[in-house]
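S.K.: I need the structure of the sequence given here:
(2 chains, ligands or ions: 5)
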Protein chains: 2
Amino acid sequence: NWVVLLVQLLGVVSVVITAVWMGHFSQGGFAWTEDPAKEFSYHPLFMVIGLIFLYGDGILAYRVFRNDRKFYIKILHGGMHVAALIFASVGLKAVFDSHNLADPPLANLYSLHSWLGLLVVIGFGLQWVLGFACFLLPWLGMSIRTMYMPYHTFWGVTLLILATATALMGITEKAIFSMAKNGYTSHSREGTLINCLGLILVIFTGLVVYLVTK
Amino acid sequence: NWVVLLVQLLGVVSVVITAVWMGHFSQGGFAWTEDPAKEFSYHPLFMVIGLIFLYGDGILAYRVFRNDRKFYIKILHGGMHVAALIFASVGLKAVFDSHNLADPPLANLYSLHSWLGLLVVIGFGLQWVLGFACFLLPWLGMSIRTMYMPYHTFWGVTLLILATATALMGITEKAIFSMAKNGYTSHSREGTLINCLGLILVIFTGLVVYLVTK
Ligand code: HEM
Ligand code: HEM
Ligand code: HEM
Ligand code: HEM
Ligand SMILES: O=C1O[C@H]([C@@H](O)CO)C(O)=C1O
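M.R.: Ligands and ions are numbered 1, 2, ... in the order given. The predicted structure follows:
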């Protein structure tokens, strides 16, 4: 299916643009706790890899490998969402470090972006635990699985959309902060790149949701 | 249905918070072209009234007045979306004026918010024309109506979600710009109000989408 291929392409391109933006523009580079300002760079990168790309692809697993054995797809689906959660956790550690280890330290959780973002990550964690408990462990009967299924799909799709909305706000914040001098508020190549990243994330998520709900 | 009532409540509260934010904080007031900085205040207010509240309620018309005559609901549904389009147009004029009439003028369409926002308004306009041409004018046969219907619903819901994502970015931008001195980047009552506005818009849209797709 060529739409699935297009989704892969958009996912890879969005990760590449984020890496280029964080590595080349902005604070210009990646570092760990020894340089908190550059440690921030891992936040956008790992959130896009985890909570957009792996998240979207994990959802598509059931649509792509329709004919393989159910158990293996389940492991793939659950496993990709574990990977997404790990990337998201490290991405969150990076941004909290960049606030707490700065001198003087910056406030945490003041923005709409951070509030919605934290809710999304918590929701994603709950979704994983519920999915694991209901669909993989043998203790629950078929009737509970059938009952939970529509909620699993609804929240899976809803949280992906909210993760993307969170990313759009994060992109907007970062663009304004890091271009304070050279000006996001006028036209520039960096600004155009940033805006294209946002549109690509929207199309990526739109296509995943379309594929899952059609 | 109490969910529909909750949606109304959230819609009214979001409009009130936006009006208070724009009237009380920020540039602190409303004006027309004689004061472009205060003319901006109409932008968030009219976009929230038009492209969130009236838009969402227009969609719900078919779910609320299930038992009335189809033709009257159609007029209500189409009419509310006309009203939404008018508010959106005046809201856009307000923000373009606030850029073009400023001294010196500010750039237009530099942000991800403005790009996605313009796409959403254009899409909304197209959706209205197509809806009007297919469902209200008598010239098209039933088979075309039936064919177009799922696309009408899909794009109606998709554009509402994108309008909300656009609003979240706009809120983030405005919070950073207008609190540059007193600091969105630390905790404050104004910041908390702004973040609550964003969460309310998310819940509003989430409930409308839930009601339409369930
Ligand atoms: C969808 C995934 C994302 C989630 C769940 C998320 C979550 C968060 C959270 C919880 C914080 C608060 C950290 C603190 O208070 O110390 C934060 C901060 C931040 N994030 Fe993200 N983020 C995401 C994506 C992005 C992206 C893609 C960017 C930029 C390109 C970004 C830019 C920022 C910035 C600039 C901050 C610091 C300012 C603030 O606290 O709002 N985020 N993020
Ligand atoms: C945060 C983690 C997770 C998210 C976001 C998520 C999301 C989703 C979504 C959106 C669907 C619908 C896919 C479709 O209809 O094609 C789905 C299906 C499913 N998921 Fe998950 N899921 C997660 C974790 C898990 C886990 C840990 C398991 C258990 C191993 C699991 C088991 C299933 C099963 C059995 C289906 C049904 C597939 C079918 O028969 O069509 N999920 N998931
Ligand atoms: C969902 C509805 C919305 C749409 C479609 C929309 C659309 C737009 C457009 C097209 C522009 C560009 C104007 C220009 O270039 O001169 C703009 C600018 C702006 N909007 Fe919105 N807007 C919406 C909601 C909001 C909200 C709710 C806020 C704030 C609370 C807001 C804040 C701003 C700000 C600060 C600007 C100027 C900076 C910029 O160009 O990005 N917008 N909006
Ligand atoms: C931008 C404007 C419009 C938007 C966003 C929009 C959106 C929607 C949505 C989301 C639905 C699905 C509602 C549901 O399933 O309960 C719907 C249904 C419908 N709309 Fe629109 N619409 C718009 C304009 C129009 C116009 C101008 C007409 C013609 C007068 C129209 C006629 C209809 C009809 C006949 C239905 C089918 C209702 C049913 O039988 O369930 N729409 N619209
Ligand atoms: O004109 C209409 O078209 C749709 C539907 O019949 C097409 O599937 C509908 O509900 C109308 O009122």
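S.K.: which stretches of chain A form helices?
M.R.: A:2-24, A:36-39, A:42-47, A:55-64, A:70-100, A:112-131, A:142-178, A:189-213 (DSSP state H).
S.K.: excluding its backbone neighbours, what's nearest A:Gly198?
M.R.: Sequence neighbours aside, B:Leu112 is the residue nearest to A:Gly198 in space, at 4.1 Å (criterion: C-beta to C-beta, 6 or more residues apart in numbering or on different chains). C-beta: built from backbone N, CA, C; applies to glycine.
S.K.: of all the residues in chain A, which ones are close to ligand 1?
M.R.: Taking C-beta under 6 Å from any ligand atom as the criterion, the neighbours of ligand 1 within chain A are A:43-44, A:47-48, A:51, A:92, A:95-96, A:99, A:108-109, A:111, A:113-114, A:117-118, A:120-121, A:163, A:166-167, A:170-171, A:173-174, A:177.
S.K.: May I have the residues that are in contact with the closest residue to ligand 4 within chain A?
M.R.: Nearest residue of chain A to ligand 4 (C-beta to the nearest ligand atom) works out as A:Thr213 at 13.8 Å. Contact partners of A:Thr213, counting by C-beta atoms under 8 Å, 6 or more residues apart in numbering or on different chains, are A:Val157.
S.K.: Can you tell me how far it is from B:Thr158?
M.R.: 10 Å (C-beta to C-beta, to the nearest Å).
S.K.: any idea how far the spatially most central residue of chain A lies from A:Val121?
M.R.: The centre of chain A sits closest to A:Leu51, judged by C-alpha atoms, centre = their mean, with a distance of 1.9 Å. Counting by C-beta to C-beta, the gap from A:Leu51 to A:Val121 is 7 Å.
S.K.: again, but for A:Phe40
M.R.: 17 Å.
S.K.: got the residues of chain A near chain B?
M.R.: Proximity of chain A to chain B (C-beta under 8 Å from any C-beta of the partner chain) is limited to residues A:106-107, A:110-113, A:115-116, A:154, A:158, A:161-162, A:164-165, A:168-169, A:171-173, A:175-177, A:184-188, A:191, A:194-195, A:198-199, A:202, A:206, A:210.
S.K.: Using neighbour counts, trim these to the buried set.
M.R.: A:106, A:110-113, A:115-116, A:158, A:161-162, A:164-165, A:168-169, A:171-173, A:175-176, A:184-185, A:188, A:191, A:194-195, A:198-199, A:202, A:206 (16 or more other C-beta atoms under 10 Å in any protein chain shown).
S.K.: residues from chain A in reach of ligand 2?
M.R.: Counting by C-beta under 6 Å from any ligand atom, chain A sits next to ligand 2 at A:59, A:62-63, A:74, A:77-78, A:81, A:124, A:127-128, A:131-132, A:135-136, A:152-153, A:156-157, A:212.
S.K.: Could you rerun that using 8 Å?
M.R.: Applying C-beta under 8 Å from any ligand atom, we find that chain A lies next to ligand 2 at A:55, A:58-63, A:70, A:73-75, A:77-78, A:81-82, A:84-85, A:124-125, A:127-132, A:134-136, A:145, A:149, A:152-153, A:155-157, A:159-160, A:211-212.
S.K.: Selecting buried members of these in ChimeraX, what would you type?
M.R.: Of the residues of chain A next to ligand 2, the buried ones go into a single ChimeraX selection, burial set by 16+ other C-beta under 10 Å:
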select /A:55,58,59,60,61,73,74,77,78,81,84,85,124,127,131,134,135,155,156,157,159,160,211,212
